[in-house]
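>>> what follows is a predicted structure for the sequence shown.
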Amino acid sequence: MKAPNLAVDIAGLKLKNPVMTASGTFGYGEEYSDYFDLNALGAVVVKGLSVGPRTGNPTPRIVETPSGMLNAIGLQNIGVKTFIDEKLPFLRRFDTKVIANFFGDSIEEYVECARMLSDAEGVHALEMNISCPNKQEGWIVFGTDPMTMDKVITAARKATGLPLIVKLSPNVKDIGQMAKIAESAGADAVSAINTITGMVIDVRKRAPVLANKTGGLSGPAIRPVAVRMVWEVCRAVKIPVVGMGGIMNAEDALQFLIAGAKAVAVGTANFITPSAACDVVEGLKLFLETEGVSDINEIIGTVRA
Amino acid sequence: MKAPNLAVDIAGLKLKNPVMTASGTFGYGEEYSDYFDLNALGAVVVKGLSVGPRTGNPTPRIVETPSGMLNAIGLQNIGVKTFIDEKLPFLRRFDTKVIANFFGDSIEEYVECARMLSDAEGVHALEMNISCPNKQEGWIVFGTDPMTMDKVITAARKATGLPLIVKLSPNVKDIGQMAKIAESAGADAVSAINTITGMVIDVRKRAPVLANKTGGLSGPAIRPVAVRMVWEVCRAVKIPVVGMGGIMNAEDALQFLIAGAKAVAVGTANFITPSAACDVVEGLKLFLETEGVSDINEIIGTVRA
Amino acid sequence: MHRHFKAKVVDNNFAAEAFKLITLSPVSEALVPLPGQFYMLESGRSTDPLLKRPFSVFRFNEGSLQFLYRIRGRGTTSIAGFNKGDLINVVGPLGKAYPEPDGRFMAVTGGVGIASLYSLLERNRGNSVLFYGARNAAELLYREEAEKLSAKAFFTTDDGSAGEQGLVTDKLSEFIKNEGKSMPVYACGPHPMLRKVAAIAKQNNLKCYVSLEEHMACGIGACLGCVVKAKSSVGDYGYKRVCKEGPVFDADEVLW
Amino acid sequence: MHRHFKAKVVDNNFAAEAFKLITLSPVSEALVPLPGQFYMLESGRSTDPLLKRPFSVFRFNEGSLQFLYRIRGRGTTSIAGFNKGDLINVVGPLGKAYPEPDGRFMAVTGGVGIASLYSLLERNRGNSVLFYGARNAAELLYREEAEKLSAKAFFTTDDGSAGEQGLVTDKLSEFIKNEGKSMPVYACGPHPMLRKVAAIAKQNNLKCYVSLEEHMACGIGACLGCVVKAKSSVGDYGYKRVCKEGPVFDADEVLW
Ligand SMILES: Cc1cc2nc3c(=O)[nH]c(=O)nc-3n(C[C@H](O)[C@H](O)[C@H](O)COP(=O)(O)OP(=O)(O)OC[C@H]3O[C@@H](n4cnc5c(N)ncnc54)[C@H](O)[C@@H]3O)c2cc1C
Ligand SMILES: Cc1cc2nc3c(=O)[nH]c(=O)nc-3n(C[C@H](O)[C@H](O)[C@H](O)COP(=O)(O)OP(=O)(O)OC[C@H]3O[C@@H](n4cnc5c(N)ncnc54)[C@H](O)[C@@H]3O)c2cc1C
Ligand SMILES: Cc1cc2nc3c(=O)[nH]c(=O)nc-3n(C[C@H](O)[C@H](O)[C@H](O)COP(=O)(O)O)c2cc1C
Ligand SMILES: Cc1cc2nc3c(=O)[nH]c(=O)nc-3n(C[C@H](O)[C@H](O)[C@H](O)COP(=O)(O)O)c2cc1C
Ligand code: FES
Ligand code: FES
């Protein structure tokens, strides 16, 4: 039997398979190259970048929760320039797509960031993290306010010729509605979900465990919520959807693909098993072979619901 | 040393301790009376009631998820009348408060339900479940749409003289805002959180596991989200808050109390350990004794955040 | 009133590939079960897996309880990891038992369904006509013991590696045609088998009791997760709880 | 390149109350660690606990790795439940090792910090002056062995049940005053102890290496969860990753 086809197309971005890494859980790729060959991946999505470097939040920054973890890294990163100079050359050595996740405190910073990244050789697409507050305009979170969201995406859209993936926040009432806004503002694709805001209190200290008080919940705990939201998003928009949230193995990834996602991202699982993303690729192959399906695209969106 | 005081007051409703059972996880109380003395509880909150009986959803209705479960019972219940005739007499035998959880498909049904329950002897307070769709007006979920929510609470408020607790849905962008709406519409207290909508897909069948497709996520998986939301609600309103979501033991309950909840409800934990709610009461006592605190009210809302 | 107790694992050994027998000794007072009742067993130390899992009591005496189980998913894999000496949380006995047979009866079972019927055979030694099907010889668990407990016993396997090759329900039909006219039927096994057994019993005007399975959260009647469609006095149908009104139902009540 | 491997549990026994020693034998090729490096050990079979847990390598040779650990919370309780023969997932060796001492050195440790320093003492047999504090005699784990490996050894306990009653840092100060002038200091233990050791070293112009702990998610530098405030060439400070730039830091780099 011929090996099944795993290649998918996300808004013109051709991936050898539908498996990416989730931003912030895979560093700049380097960290994992000791554990497996990055060529195995559909795409590497790097830690969120801002125009200048950021120091991030004080510690503790992480706390484990039942089947999940909260993080409040505070978007610590080396800044776009250092990324392009010091990290991108390494990633260019691999035959895998590089997707740069980016964010800003203002619309101007988003635009500037998108521009700088678009000019860099070896960045194949941009993923826009809109789950951060607009510090210029009353700390409204870009990704939970329809108006602000529309504005920032429209602006970023003009600043780049690369495929633009907008990463949706789950901290909303109707994520399908938010996806539609992204679509009409010019996004080529959407990804979902980002982390769900949570909090753990140390009852003896009577204080939150995290220095930042709240953090973002990720890991298997959120998977049922993520699958539901990705399903809703897939029904709401025509542009491709990248699904993520608690994927630990190929079976989990398949839930998102069957729900309609054209690609998936592996996040927290990388922390537990450094080869997790690569293992998901292998598992998908095996599933297709076992089920006698010759092309992963025949699976996508087949949920009977 | 004197035994610490556990009694709390929720909008005039005096509870011997701050531990309730979460609606839908404790049947009508009877089921658990084989396992412990219901007198140990602050309050029993019964399965959600509608005016007439409901058959509920087809099966499967439940599926386990990492550190949680989805349920889509579909609000199966015996109806207010049968509850009053057949279940309430049993509950009246205990020296614990009885809180009747109720819902409707329309504002009229909420009002009718509230009225019927208010007239029944032995119902001490009402908890209004607004996480259901308004079938008369375009299936908008009462508890996620500010206007509809305001209307239904205002109407129910007029229909009852009992303390009215409004149970908030977590499937919203800003739960603090929703709590404010409940407060201004006349709620005496709010409770949070109800389940978070989720979905599990059977990848071999390519179909959702639940007959209803989606279900509500409960259990420890959602606890960090619940603690965060309860903390936000406590900062948003002046009326008392009942906290719940993933409470398995006294330490978990304390997170909610310290965040500002005046009482807590134990839900999914009852399924795993039938005496869970009673164990939480014991654990709270022990905590107060160990920490040398003489009154639970000195703990409530003490989070340094 | 000790339906919720801790029990010590006395042992937990393989009965066949992917099947284990766990023996528990309650450390506090516990009620004595009846055949057909079940227990909820702790599925591990952490919150994942979260829920307890239901198992029919296989054998029991004053001081010990035995469960025969198939390792299927995460819960049973976790339970299979319990070691001798471990203390685990148990809730039970739960649900309705098989009605006491009044003389001879037919017992029909497929696969690990034997776990539910075995103690009924024991309690009514020599009164049962057993129909026991499995995938293969190895999965005909406790075959010899069950045969000894029964007046007559028929075995079938899917692959013919023991007994006759074929379906246990065909064997049942054949037997009823020849001689079984007046005996009630007791059955536990996969849902499609039970549906067939119920149909055969109905055709032949025999009383039939089936033990059903459903996904359970609480096991004690509170969550309404485990319901089956059953005939109802009000409306077309109602939902009955497998954990409370069952797991043993009169086959006539069930909407198949 | 085999930093991610499966290892068989050779044994997992109590070293004292609430302390265990686990011995692992990698089943595939694994790298040989250096003193001060650490491994991430699987914390159980399920997703709760979810994350691996970091432990310094205590002793090692070609075919085996040993970790000495205190049972603290859910992760270590779960690890304490591993049985002989179990296969577990391991990532490592990770992080920066202690710089190779060039002759004599002082080793300061409190509690289970000995786990990190022990292999350094072994590798530099007879070159260390050891300062080892614990709550009580029972928690002075591997006391005799550590004493034999060192040129000199001082022990302190909080309750005076072994060695001198008092703080290990006071002992260190006293010794430096009398004779320790030129030796570098290597320290691992609770954060407050390390801060004090660093201060003492600074006062006396001694090189000082500390092994820090932080909550970790990945252990390999990807999550940025485990950072500590450190001096930075740009800006007032920067965050360095304990798992990558550490766990062993030059005490001078750390913003205490
Ligand atoms: C009253 C009752 C008595 C039972 N007695 C026995 C017994 O004596 N021996 C025995 O081996 N098994 C028995 N079962 C079935 C047993 O409970 C399930 O096999 C077990 O819960 C599966 O758990 P898991 O986590 O390993 O599987 P999961 O990972 O939860 O699921 C694996 C597979 O098993 C199915 N499954 C899960 N739970 C149930 C359930 N409650 N009923 C039916 N299918 C299920 C799932 O759909 C899936 O296909 C009984 C079930 C009930 C309701
Ligand atoms: C590089 C490194 C090497 C270590 N080496 C050893 C060792 O050799 N032996 C040993 O016993 N322990 C060692 N530790 C500490 C060990 O990792 C923690 O004790 C363990 O992770 C606690 O897990 P738990 O689930 O049992 O505790 P949890 O339930 O997670 O927490 C229990 C308590 O431990 C604290 N804690 C949890 N994780 C850490 C951590 N990573 N660092 C500091 N405190 C923590 C928590 O704040 C809490 O107070 C090391 C830590 C690091 C970072
Ligand atoms: C430690 C950590 C850091 C993260 N940083 C980012 C980030 O910089 N930008 C971003 O868009 N998402 C970030 N995320 C969110 C993930 O990309 C992903 O959306 C989320 O974790 C859900 O997937 P998972 O459950 O598989 O981890 C981060 C997540 C974690 C756990
Ligand atoms: C099986 C089940 C049935 C429920 N039924 C109701 C209900 O009828 N009315 C209601 O307001 N909440 C209902 N809930 C929600 C719970 O009361 C509670 O808000 C939620 O489960 C979170 O708490 P937990 O994580 O402790 O279970 C139900 C939850 C479960 C698990
Ligand atoms: S399992 Fe909960 S009602 Fe039957
Ligand atoms: S633990 Fe993830 S960067 Fe150090």
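Looks like it arrived, so ask away. Ligands and ions are numbered 1, 2, ... in the order given.

>>> so who does the residue in the stretch 201-305 of chain A positioned nearest to chain D touch?
Closest approach of the stretch 201-305 of chain A to chain D (C-beta to the nearest C-beta) occurs at A:Phe271, with a separation of 4.0 Å. Glycine gets a C-beta too; all of them are placed from N, C-alpha and C. Contact analysis of A:Phe271 by C-beta atoms under 8 Å, 6 or more residues apart in numbering or on different chains lists A:25, A:69, D:51-52, D:217-219, D:222-223.

>>> so which helix or strand of the chain has the lowest pLDDT on average?
Here I'm looking at chain A. Least confident element among the helices and strands of chain A, by mean pLDDT, DSSP states H and E: strand A:133-134 (a mean of 78).

>>> wrong one, chain C
Per-SSE averages on chain C (mean pLDDT, DSSP H and E): minimum strand C:237-241, a mean of 89.

>>> so which bits of it are buried?
Going by neighbour count (16 or more other C-beta atoms under 10 Å in any protein chain shown), the buried part of strand C:237-241 is C:238-241.

>>> likewise for stretch C:134-148?
For stretch C:134-148, a neighbour-count test (16+ other C-beta under 10 Å) marks C:134, C:138-143, C:146-147 as buried.

>>> so which of the residues you listed sit within helices?
Counting by DSSP state H, the part of the buried residues of stretch C:134-148 found in helices is C:143, C:146-147.

>>> please name every helix or strand in contact with the one helix or strand A:Lys158 maps to.
Under the criterion of DSSP states H and E, A:Lys158 resides in helix A:146-159. Counting by 3 or more C-beta pairs under 8 Å, 6 or more residues apart in numbering or on different chains; DSSP states H and E, the packing neighbours recorded for helix A:146-159 are helix A:107-118, strand A:125-129, strand A:164-167, helix A:175-184.

>>> give me the low-pLDDT residue ranges for the stretch 101-250 of chain C?
Scanning the stretch 101-250 of chain C with the threshold set as pLDDT under 70 gives C:180, C:234-236.

>>> which parts of it are strands?
Applying DSSP state E, counting those that start in this stretch to the stretch 101-250 of chain C gives strands spanning C:105-110, C:128-134, C:152-157, C:164-165, C:185-188, C:208-211, C:227-231, C:237-241, C:248-250.

>>> cool, and the stretch 1-150 of chain A?
A:8-10, A:13-15, A:19-21, A:43-45, A:62-65, A:68-71, A:97-102, A:125-129, A:133-134, A:140-141.

>>> neighbours around C:Glu100, how many?
If you count neighbours by other C-beta atoms under 10 Å in any protein chain shown, C:Glu100 ends up with 11.

>>> repeat for A:Ala187
When neighbours are counted by other C-beta under 10 Å, A:Ala187 registers 26.

>>> can you check the pLDDT for it?
Note on A:Ala187: pLDDT of 97.

>>> once you drop chain neighbours, what's closest to it?
A:Val166 (4.1 Å; C-beta to C-beta, 6 or more residues apart in numbering or on different chains).

>>> distance check, the one you found against A:Gly260.
Distance, A:Val166 to A:Gly260, by C-beta to C-beta, to the nearest Å: 17 Å.

>>> equivalent analysis for A:Thr21, please.
Note on A:Thr21: its distance to A:Gly260, by C-beta to C-beta, is 21 Å.

>>> got a markdown table for the ones in helices among the buried residues of stretch C:134-148, with distance to chain B too?
Converted to a markdown table, those look like this (distance: C-beta to the nearest C-beta, whole Å):
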| residue | distance to chain B |
| --- | --- |
| C:Arg143 | 31 |
| C:Ala146 | 31 |
| C:Glu147 | 36 |
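
>>> list the contacts of A:Ser169.
By C-beta under 8 Å, 6+ apart, the contact set of A:Ser169 is A:130-131, A:141, A:143-144, A:178, A:193-194.

>>> pick the one among these closest to ligand 5.
Lowest distance from ligand 5 to those (C-beta to the nearest ligand atom) belongs to A:Ile193, with 30.3 Å.

>>> so what does that closest one have for phi and psi?
For A:Ile193, the backbone dihedrals (degrees, to the nearest 10) come out as phi -120, psi 150.

>>> that one: neighbouring residues, count only.
A:Ile193 sits with 27 neighbouring residues when counted by other C-beta under 10 Å.

>>> identify the residue nearest it in space, chain neighbours excluded?
In space, and not counting its chain neighbours, A:Ile193 is closest to A:Pro170: 4.0 Å by C-beta to C-beta, 6+ apart.

>>> and that neighbour, what does it touch?
The neighbours of A:Pro170, taking C-beta under 8 Å, 6+ apart as the test, are A:192-196, A:222, A:225-226, A:229, A:245.

>>> quick check, A:Ala207 in contact with A:Ile201.
Yes - the criterion here is C-beta atoms under 8 Å, and A:Ala207 meets it with A:Ile201 at 7.0 Å.

>>> between the two, which one's more packed in?
Ranked by neighbour count (other C-beta under 10 Å), A:Ala207 and A:Ile201 place A:Ile201 first, with 28 against 16.

>>> no further queries at this time; thank you.
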